[in-house]
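# Sharing a model prediction with you, sequence too.
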Amino acid sequence: MSDRPNKVVIDEELCKQCELCVVVCPVHALRISDRINTKGFHPAELYEYDKCIMCGFCAMTCPERAIAVYRPEVQKA
Amino acid sequence: MKVVYERPKTLEKVTNHYCPGCHHGILHALIAEVLDEMGLAEKAVGVAPVGCAVLAYNYLDIDWIEAPHGRAVAIATGIKLAHPDVLVFTYQGDGDAAAIGLAETMYGAIRGVNVTTFLYNNAIYGMTGGQMAPTTLLGMKTTTSPYGRDAKREGYPLKMAETIALQGGTAFSARTALFNPKMIMETKKRIRQVFELQMKGAGFTFLEVVGTCPTNWGMSPVDATKFAETEMVKTFPLGVYKELKEVE
Ligand SMILES: Cc1ncc(C[n+]2csc(CCOP(=O)(O)OP(=O)(O)O)c2C)c(N)n1
Ligand code: SF4
């Protein structure tokens, strides 16, 4: 995971598990994790890294603004 | 690496007190984004309401005044008279701006006070535990209309964007929503437009935003968002009701 460039970065402490990001993602790349934050919520996570198209819909929908979205430079093979 | 989205600078990095999935958080963030993009955060003064948004001053890193229940536009009028060159906006719920504060909101429009009002319409009194508001939908169950709002008993939902649009001093009045990315982008565009109009001295600018109250509607955030999209918009049609094209 860590050697791949960031696409979706979720601040797990800010997340309140509302699931709006999970539902809005057009490629179903997000889900609710089984981790737990100090407020007692299960934060959202990116689980389908390759599917993510970096559209930013999750970030602009998040009422907590807990999500940042980045578009990595394309590496020429 | 290209940034697609990062938290706006003007949005304080604290956990807000809103219930999970409440659209109040989205509207706060959009206002912060527009203030950042327009470089107006240093010049902006917000007026916070009584209602769930009462603590808005903790979340946007600008100057704020907290108004008594419903009196936000009256206070905004005073700020604007004392400091005509600052950007003044009120952020209010429907119980605040359309019930106890209806007179102040209306007179803002009638007198053409050069300030902006954001009305977060979730059709209910959120903070106090879900009582009926003037904007409650017909048939909607609240703690004070347990059998559903009946027009014969409680009258009809108040349509603020349309009403404000009829007043002579109104430069802009519209209704948008936050239930999908397209509407979120539309709302952001309108926030920018009302701030631009105010900076040109156009008059009273009013943006009603259809939101949710998952907690008092008794729904999950996802269902509440769907309810806004399918039911709320039937009573509260989205659109621009008044728009000054030329500003002298
Ligand atoms: C003078 C006065 N009357 C009544 C109240 C109680 N009160 C607090 S918030 C509120 C209604 C808030 O509803 P709304 O403006 O729709 O905001 P929301 O909480 O739904 O965002 C009321 C009636 C008060 N604080 N002050
Ligand atoms: S009570 Fe309703 S309006 Fe208030 S924060 Fe909770 S969901 Fe939002």
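Good, I have the coordinates. Numbering: from 1, shown residues only, chains lettered A, B, ... in the order given. Ligands and ions are numbered 1, 2, ... in the order given.

# the helices in the chain, which residues?
Unless you meant another one, I'm taking chain A. A:20-24, A:57-61 (DSSP state H).

# Can you look at chain B instead?
Applying DSSP H to chain B gives helices spanning B:24-38, B:72-82, B:94-95, B:102-111, B:151-154, B:160-165, B:181-199, B:214-217, B:221-227, B:233-235.

# Can you say which of the helices of chain A is packed in most?
Mean neighbour count (mean count of other Cβ atoms under 10 Å in any protein chain shown) peaks for helix A:57-61 among these, with a mean of 25. (Each C-beta comes from the backbone N, C-alpha and C, glycine too.)

# Could you count how many residues lie near whichever residue of chain A sits closest to ligand 1?
Nearest residue of chain A to ligand 1: A:Pro63, at 13.2 Å (Cβ to the nearest ligand atom). Here the number of neighbours of A:Pro63 (other Cβ atoms under 10 Å in any protein chain shown) works out to 26.

# Skipping its backbone neighbours, what lies nearest it in space?
When the adjacent residues along the chain are set aside, A:Pro63 lies closest to B:Gly25, with 2.9 Å between them (Cβ to Cβ, 6 or more residues apart in numbering or on different chains).

# for that neighbour, what are its contacts?
By Cβ atoms under 8 Å, 6 or more residues apart in numbering or on different chains, the contact set of B:Gly25 is A:Cys62, A:Pro63, A:Glu64, A:Arg65, B:Asn16, B:Tyr18.

# what sits against the most centrally placed residue in chain B?
Nearest to the mean C-alpha position of chain B, counting by Cα atoms, centre = their mean, stands B:Leu119 at 2.4 Å. Going by Cβ under 8 Å, 6+ apart, B:Leu119 touches B:Gln92, B:Gly93, B:Asp94, B:Ala97, B:Ala98, B:Thr105, B:Met160, B:Ala161, B:Phe206, B:Leu207, B:Glu208, B:Val209.

# partner residues bridging it?
As for beta bridges, B:Leu119 partners with B:Gln92, B:Glu208 under DSSP bridges.

# Count residues in the vicinity of the closest residue to A:Val22 other than its chain neighbours, would you?
Closest residue in space to A:Val22, ignoring its immediate chain neighbours: A:Leu30 at 4.8 Å, by Cβ to Cβ, 6+ apart. A count of neighbours around A:Leu30, defined by other Cβ under 10 Å, yields 24.

# just to revisit the earlier point, chain A versus the residue nearest to the centre of chain B, what's the distance?
According to Cβ to the nearest Cβ, to the nearest Å, B:Leu119 stands 18 Å off from chain A.
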